[in-house]
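**Q** Below: sequence and its predicted model.
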Amino acid sequence: MSDFRMETKCVQSGYRPGNGEPRQIPIIQSTTFKYDTSEDMGKLFDLEAEGYFYTRLQNPTNDYVAAKLADMEGGTAAMLTSSGQAANFFALFNICEAGSHIVASSSIYGGTFNLISVTMKKMGIDATFVAPDCTEEELNAAFKENTRAVFGETIANPALTVLDIEKFAKAAHSHGVPLVVDNTFPTPVNCRPIEWGADIVTHSTTKYMDGHGAAVGGAIIDSGNFDWMAHADKFPGLCTPDESYHGVTYAEKFGKEGAFITKATSQLMRDLGSIQAPQNAYILNLGLESLHVRMERHVENGLAVAEFLNGHEKVKSVSYPGLPTDKYYEVAQKYLPKGGCGVVSFELEGGRPAAEAFMKELKLAAIETHVADARTCCLNPATSTHRQMTDEQLLAAGIPAGLIRISCGLESKEDLIADLAQALDAIN
Ligand SMILES: *Cc1c(COP(=O)(O)O)cnc(C)c1O
């Protein structure tokens, strides 16, 4: 499929039914698979033959959808996980172990920040965080002899900073390690990080890819570009025999194209079991079939709302990388020429009380801990996800008390703006 345009890949990649087979992806609702001889099954366990034996590791429905995502991102292999959190953990833990170190952008999703700075730290994996707009010197200075991966988000949730992917890829590669990019917010429709040098791409498919707030899920896509064997001393898990899997050396047997995902499947999925339910993979694929159409509208509505808020007297500031006044406008023009996403952050004059009063007045935008779905929703971190923090602590974390994050859905932009306007009018 890889010669087709993105619109065609969204609809048709991954699953090509044969004569008389179902047109829609079959949901293989089965934990296990049947074989005629033990010898046949043995070949699967030895990774000598391709096939399925137990859904904790792999399922055909998931693999159809993963193949579509690999094609959309321009990668060579992919896997689905139960959530975006599992995707980021697997992507990093596949190449890191106790004693390793990660360089990460400080502007990332809160859950991923906790994963890296708290939970992975308990496993003996350290991290250094750098600002996404740091200089090359600052970035290079963050590396250590035991650095094994670099991590960032194309458009960060919720800060809406834009990663200079080429700069981060260059620094990662000059230190002999891969760049992992979480591409959840733009999706491959608006940015393909692999084309800018990213080696591994991750997703919370819970967001735009599903797009309907229906199924939690994640994905990992390997570019197939990183030469593990050229840095074999850094990546023993890929470049030396895996005694827990019959002594297979993944980078030798499966090459650059297949080693990363094969190891993550046969080792991490086997031991940690975070597979996406085939039913959810099916729902995800329904979302993917219209992703290219929906992203265009999310961007159109996001920009219209950002422009409206930007000119309003009761609004102190607006963050949206598509606004020419935004700090990340230029880097967004480079990496996101078609626009980024439908999420806009803005700060009201009047702080926390104003934000609370404003949100109470909204008729269309629902208050939710969610983003990137067909229905517009919004959140005031100071009174919800970050409510344990004082105003001073919030400010230090770059989250003013009056900040509101709005995720523009697929409704009419005129209706959305009218809703925001009446709520702004109602507060004083
Ligand atoms: C939501 C999100 C995650 C976590 O994904 P879940 O599917 O909720 O586990 C990771 N990264 C980004 C950028 C996200 O927005």
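**A** Ah, there it is.
**Q** Tell me where this protein has strands.
**A** 77-81, 101-105, 126-130, 147-153, 179-182, 200-204, 218-222, 315-319, 343-348, 366-367, 377-379, 403-407 (DSSP state E).
**Q** How about residues contacting stretch 326-338?
**A** Applying Cβ atoms under 8 Å, 6 or more residues apart in numbering, the contact partners of stretch 326-338 are 133, 154-155, 160-165, 186, 189-191, 196, 296, 299, 318-323, 340. (C-beta placed from N, C-alpha, C; glycine too.)
**Q** Which of those are buried, as a ChimeraX select command?
**A** Remark: buried members of the contacts of stretch 326-338, expressed as a ChimeraX selection using 16 or more other Cβ atoms under 10 Å:
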select :133,154,155,160,161,162,163,164,165,186,189,190,191,196,299,318,319,320,321,322,323,340
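**Q** In stretch 294-313, which residues are buried?
**A** 294-295, 297-299, 301-310.
**Q** Mean pLDDT lowest where, among the strands of the chain?
**A** Sorting the strands of the chain by mean pLDDT places strand 366-367 lowest, at a mean of 92.
**Q** What pLDDT is listed against the residue in the stretch 51-200 of the chain that the ligand sits nearest to?
**A** Relative to the ligand, the nearest point of the stretch 51-200 of the chain is residue 84 (2.3 Å; Cβ to the nearest ligand atom). pLDDT recorded at residue 84 is 98.
**Q** List the residues that contact it.
**A** Contacts of residue 84 (Cβ under 8 Å, 6+ apart): 109, 111, 182, 184, 202-207, 216-218.
**Q** any idea how far the closest residue to it other than its chain neighbours is from the ligand?
**A** Excluding the flanking residues, the one nearest residue 84 by Cβ to Cβ, 6 or more residues apart in numbering is residue 204, at 2.5 Å. Distance, residue 204 to the ligand, by Cβ to the nearest ligand atom, to the nearest Å: 3 Å.
**Q** Please apply the same query to residue 412.
**A** In this view, residue 412 and the ligand are 25 Å apart by Cβ to the nearest ligand atom.
**Q** Run a quick neighbour tally on that residue.
**A** 12 (other Cβ atoms under 10 Å).
**Q** do the same with residue 68
**A** Neighbours of residue 68 (other Cβ under 10 Å): 25.
**Q** you'd agree it is up against residue 16?
**A** No: contact criterion Cβ atoms under 8 Å: residue 68 and residue 16 do not qualify, at 10.7 Å.
**Q** does the ligand sit close to stretch 107-116?
**A** Yes: counting by Cβ under 6 Å from any ligand atom, the ligand has neighbours in stretch 107-116: 109, 111, 112.
**Q** Of the residues you listed, keep whichever come out buried.
**A** By 16+ other Cβ under 10 Å, those give 109, 112 as buried.
**Q** where does the stretch 201-350 of the chain have low pLDDT?
**A** For the stretch 201-350 of the chain, no stretch is flagged by pLDDT under 70.
**Q** Write out the residues of it neighbouring the ligand.
**A** Checking the stretch 201-350 of the chain against the ligand by Cβ under 6 Å from any ligand atom, the hits are 204, 206, 207, 216, 218.
**Q** Can you tell me which of these comes closest to residue 360?
**A** Closest approach between those and residue 360, by Cβ to Cβ: residue 207, at 25.9 Å.
**Q** For the ligand, what is the nearest residue in the stretch 301-428 of the chain?
**A** For the stretch 301-428 of the chain, the residue closest to the ligand is residue 371, as judged by Cβ to the nearest ligand atom, at 6.6 Å.
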